[in-house]
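1. Quick one, fold the following:
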Amino acid sequence: MKPFIKINEIDNVAVAIRKIDENEQIEIGGQTIQLKETVGKGHKFAIERITKGENVIKYGAPIGHAHEDIEIGQWVHTHNTKTNLSGLEEYEYQPKKQTLNVGQKNLTFKGYRRSDGRVGIRNELWIVPTVGCVNGTAEHIIREFKARVGDISPFEHIQVLKHNYGCSQLGDDHVNTRTILGNAVKHPNAGGVLVLGLGCENNDIEEFKESLGAFDEGRVKFLRSQEVMNEIDEGVELLVEIFENARGDQREDVPLAELKIGLKCGGSDGFSGITANPLLGRLSDFLVAQGGTTVLTEVPEMFGAEKILMERAENEEVFEQIVELINDFKTYFQKHDQPVYENPSPGNKAGGISTLEDKSLGCTQKAGTSTVVDVLKYGETLESKGLNLLSSPGNDLVASSALAAAGCQMVLFTTGRGTPFGTFVPTMKISTNTGIYEMKRHWIDFNAGTLIDGQSQDELLEDFISYIISVASGEKVNNEKNDFREIAIFKTGVTL
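-> Purely as a prediction, here's the structure:
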């Protein structure tokens with residue numbers, strides 16, 4: 001097997017799939033190249049001479065420019081490559097027709113059909129605090145409830161969606177907290193919810209209740225702690241009511257078209273855009289072809305690759321929404337006197353990613369080749385089936401929580417370096433390389449590194465689809481087994 005991969009025929013760099021030692025000779029494109037220095041796994045080396053100021057090409061697109069001459073066989077990384085990104089850009093609508101060469105299959109999973117017609121892949125009982133002050137109270141209520149009922153089935157899990165907010169917030173921060181928590185209350189993975197308030201918070205429980213609109217009153221209950229003698233006893237009674245109303249819940253066959261899946265990456269490395277992210281892209285295209293829905297977020301990690309997404313906009317209106325999505329986030333950076341290109345992270349760089357364009361071109365592979373049908377603002381929920389974009393930062397916990405709050409029943413999370421966390425829906429970890437999969441089997445759920453090891457793309461996709469269906473039908477992923485479940489809400493303003 002070759003010790004490198006050239007991703008696109010016009011690239012002037014290749015990626016090492018193992019450490020290539022200094023002076024090692026490799027054959028590429030009919031020529032013999034001798035490495036001028038050791039190149040680590042996942043890192044790039046020049047296969048053509050790149051003069052100072054010339055673009056470095058990877059994925060068939062510029063990932064920055066050389067700020068010094070780079071010779072053939074030389075390591076290409078942060079020491080000799082700089083981003084091309086600066087500030088806001090002007091964009092033109094130049095659509096490219098997309099054709100999905102993905103067949104339709106009559107596949108199903110076992111899900112929970114809710115009273116409003118939506119489908120959950122879990123049947124969980126949640127306590128959603130309106131304010132962080134009652135997080136501990138909620139945990140106490142759960143302990144007492146479990147002691148009273150013993151077996152909580154048909155609920156599969158019970159948890160508190162703990163957070164630090166709900167008071168001392170103004171403007172967008174207050175709205176974001178109320179909106180994300182409201183979306184969680186109505187999430188189809190929840191078979192029942194107790195909304196627990198304190199009584200003096202900004203996120204007033206009556207206003208919160210009104211903001212929900214229609215909801216199943218047999219499955220969603222409310223309690224303001226300051227208004228009762230014993231909030232623990234009252235909370236337990238309300239959970240028992242929900243529990244009794246859920247006794248008949250059971251899984252049923254549901255078409256794959258009902259799946260809504262979030263696409264996320266974190267702890268990325270030089271293989272992310274070669275193995276795991278393209279696998280998610282193929283899965284996304286497959287699911288969209290079945291009538292399902294996928295969602296790409298992490299807007300700052302679209303910078304440098306946004307034109308690829310804009311070309312795939314369903315119409316000019318969606319194109320303008322993508323432009324707004326990108327420029328609004330760049331303006332947010334500038335408002336705080338931060339450069340738009342201050343990414344990737346130290347871990348990304350150690351894994352072989354040199355610039356934000358390098359990271360973004362790999363990141364957007366998760367979106368496959370489907371047409372972009374809609375763009376959601378932070379806190380909005382899914383309305384259109386197909387590939388959607390969602391406004392959220394790249395932060396792993398905030399972005400994953402935003403995907404869940406938008407209505408995704410699970411989040412697919414690719415990683416080259418590994419991470420254990422999960423949000424309040426199943427958060428499946430897909431490794432970019434076999435090494436981290438074998439080292440962190442208690443974190444990683446699926447290995448896409450087998451693509452480098454020789455497995456075919458079609459075979460891996462079939463295995464992945466089968467695993468997705470198993471998880472949608474109830475098989476737990478590692479964040480659930482470890483009980484690592486968190487919610488994080490985007491904060492942009494002052495705290496009183």
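
2. Okay, strands next: where are they in the stretch 101-250 of the chain?
-> Secondary structure of the stretch 101-250 of the chain (DSSP state E, counting those that start in this stretch): strands located at 108-113, 119-120, 124-129, 157-160, 190-197, 220-224.

3. Can you check what angle separates the last one from strand 124-129?
-> Angle, strand 220-224 to strand 124-129, by axes from the mean of the first three to the mean of the last three CA atoms, to 10 degrees: 30 degrees.

4. Dead centre of this structure: give me the residue that sits there.
-> K264 (2.4 Å; CA atoms, centre = their mean).

5. on that earlier part again, okay if I get the strands of the stretch 101-250 of the chain as JSON lines plus mean pLDDT and distance to S470?
-> Heads up, the C-betas are built off the backbone N, CA and C, glycines and all. Converted to JSON lines, the strands of the stretch 101-250 of the chain look like this (pLDDT from 0 to 100; distance: least, CB to CB, whole Å):
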{"stretch": "strand 108-113", "mean pLDDT": "98", "distance to S470": "8"}
{"stretch": "strand 119-120", "mean pLDDT": "98", "distance to S470": "16"}
{"stretch": "strand 124-129", "mean pLDDT": "98", "distance to S470": "18"}
{"stretch": "strand 157-160", "mean pLDDT": "98", "distance to S470": "17"}
{"stretch": "strand 190-197", "mean pLDDT": "98", "distance to S470": "20"}
{"stretch": "strand 220-224", "mean pLDDT": "98", "distance to S470": "29"}
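
6. mind checking which of those strands is nearest F464?
-> Closest approach to F464 among those (CB to CB): strand 108-113, 14.0 Å.

7. which secondary structure elements does the closest one contact?
-> strand 119-120, strand 252-255, helix 457-472 (3 or more CB pairs under 8 Å, 6 or more residues apart in numbering; DSSP states H and E).

8. Could you list every helix and strand that the next helix or strand after the last one packs against?
-> What that stands for is helix 457-472. Per DSSP states H and E, the first helix or strand lying C-terminal to helix 457-472 is helix 478-481. If you count contacts as 3+ CB pairs under 8 Å, 6+ apart, helix 478-481 packs onto strand 427-431.

9. what residue ranges in the stretch 201-350 of the chain score low on pLDDT?
-> For the stretch 201-350 of the chain, no stretch is flagged by pLDDT under 70.

10. which stretches of it form helices?
-> Along the stretch 201-350 of the chain, counting by DSSP state H, counting those that start in this stretch, helices occupy 205-211, 231-245, 276-289, 306-310, 316-335, 346-350.

11. quick one: the second one to strand 124-129, angle?
-> Here helix 231-245 points in a direction 150 degrees away from that of strand 124-129 (the same axes, to 10 degrees).

12. For helix 231-245, what is the distance to the chain centroid?
-> Its chain's C-alpha centre and that of helix 231-245 lie 33 Å apart, by CA atoms, centre = their mean, to the nearest Å.

13. Kindly report the same for the longest one.
-> Relative to its parent chain, helix 316-335 has a centroid offset of 19 Å by CA atoms, centre = their mean.

14. For that helix, name the packing helices and strands.
-> helix 306-310, strand 372-376.

15. That one to strand 372-376, inter-axis angle?
-> Going by the same axes, to 10 degrees, helix 316-335 makes 40 degrees with strand 372-376.

16. So for helix 316-335, what gets flagged as buried?
-> By 16 or more other CB atoms under 10 Å, the buried positions in helix 316-335 come out as V318, F319, Q321, I322, V323, L325, I326, N327, F329, K330, Y332, F333.

17. what's the answer for the second one, then?
-> Residues of helix 231-245 classed as buried by neighbour count (16+ other CB under 10 Å): E231, I232, E234, G235, V236, L238, L239, I242, F243, N245.

18. Just the CA coordinates for that helix, please, in CSV.
-> Listed next in CSV are the C-alpha coordinates belonging to helix 231-245 (Å, rounded to 0.1, in the frame of the first residue of the first chain):
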residue,chain,number,x,y,z
GLU,A,231,-40.9,20.7,45.7
ILE,A,232,-39.4,17.2,45.8
ASP,A,233,-42.7,15.5,46.7
GLU,A,234,-44.6,17.6,44.1
GLY,A,235,-42.0,16.8,41.4
VAL,A,236,-42.1,13.1,42.1
GLU,A,237,-45.9,13.2,41.8
LEU,A,238,-45.7,14.9,38.4
LEU,A,239,-43.2,12.4,37.2
VAL,A,240,-45.5,9.6,38.3
GLU,A,241,-48.3,11.1,36.3
ILE,A,242,-46.1,11.2,33.2
PHE,A,243,-44.9,7.7,33.9
GLU,A,244,-48.5,6.4,34.0
ASN,A,245,-49.4,8.1,30.7
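
19. Residues in contact with it: which ones?
-> In this structure, residues lying in contact with helix 231-245 by CB atoms under 8 Å, 6 or more residues apart in numbering are 125, 127, 137-138, 140-142, 144-145, 148-149, 152, 155, 192-194, 196, 218-219, 221, 223, 225, 228.

20. What angle do strand 190-197 and that helix make with each other?
-> When the same axes, to 10 degrees is applied, the directions of helix 231-245 and strand 190-197 differ by 160 degrees.

21. swap in the third one?
-> Angle of helix 276-289 versus strand 190-197, following the same axes, to 10 degrees, is 110 degrees.
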